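Asker: dropping the sequence and predicted coords here.
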Amino acid sequence: LISSATKSLRMETEILEKKLQDAQMKLAEKDGDKEKEIQSLKRFISELEFQLTMEKSNNESFLDKLRKEIKHKSEELEKLTQEKTQLIHSLSQVQEENSLLQDTVRRECEERFELTAALGRAREQVLELRRLSGALP
């Protein structure tokens with residue numbers, strides 16, 4: 001029973017560690033994608049500013065349209081930054097939960113060890129009592 005419980009707890013720990021690794025991998029992938037998108041947005045904004053300089057005198061309405069698009073991209077960038085912050089917070093919570101679970105597993109293993117030792121002592125006492133009762137008439 002103890003072995004089964006220990007095995008079960010180990011499997012749960014492995015599953016949680018796998019989930020943590022998966023979450024970390026997803027976060028790393030998202031961070032990479034976000035960084036690429038940020039760089040892409042920065043290049044795009046730079047190109048728009050160059051075009052604006054060349055066409056500024058000819059088309060004022062075009063300028064307004066570009067300013068709106070830049071504002072939208074900045075908001076999108078802010079949204080991505082907030083999402084990244086939330087993902088980092090979630091990762092921190094998962095790591096804390098994992099740490100708590102590992103601590104729980106450690107305490108339960110210690111308790112199991114103490115119970116096993118107590119069971120061994122009890123068995124020895126029973127055997128000693130049986131031996132003594134068998135020696136008496």
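Answerer: Alright, I've got the coordinates.
Asker: what's around residue 110, how many residues?
Answerer: Using other Cβ atoms under 10 Å, residue 110 has 10 other residues around it. The way it works is simple: take the backbone N, C-alpha and C, and place the C-beta from them, glycine included.
Asker: what's the helix or strand for it?
Answerer: helix 60-135 (DSSP states H and E).
Asker: average pLDDT across that helix?
Answerer: When pLDDT is averaged along helix 60-135, the result is 92.
Asker: who are the neighbours in contact with residue 64?
Answerer: By Cβ atoms under 8 Å, 6 or more residues apart in numbering, the contact set of residue 64 is empty.
Asker: skipping its backbone neighbours, what lies nearest the residue nearest the centre of the chain in space?
Answerer: For the chain, the residue sitting closest to the mean C-alpha position, by Cα atoms, centre = their mean, is residue 91 at 3.6 Å. Ranked by Cβ to Cβ, 6 or more residues apart in numbering and with sequence neighbours excluded, the top spatial neighbour of residue 91 is residue 27, at 5.7 Å.
Asker: thanks a lot, see you next time.
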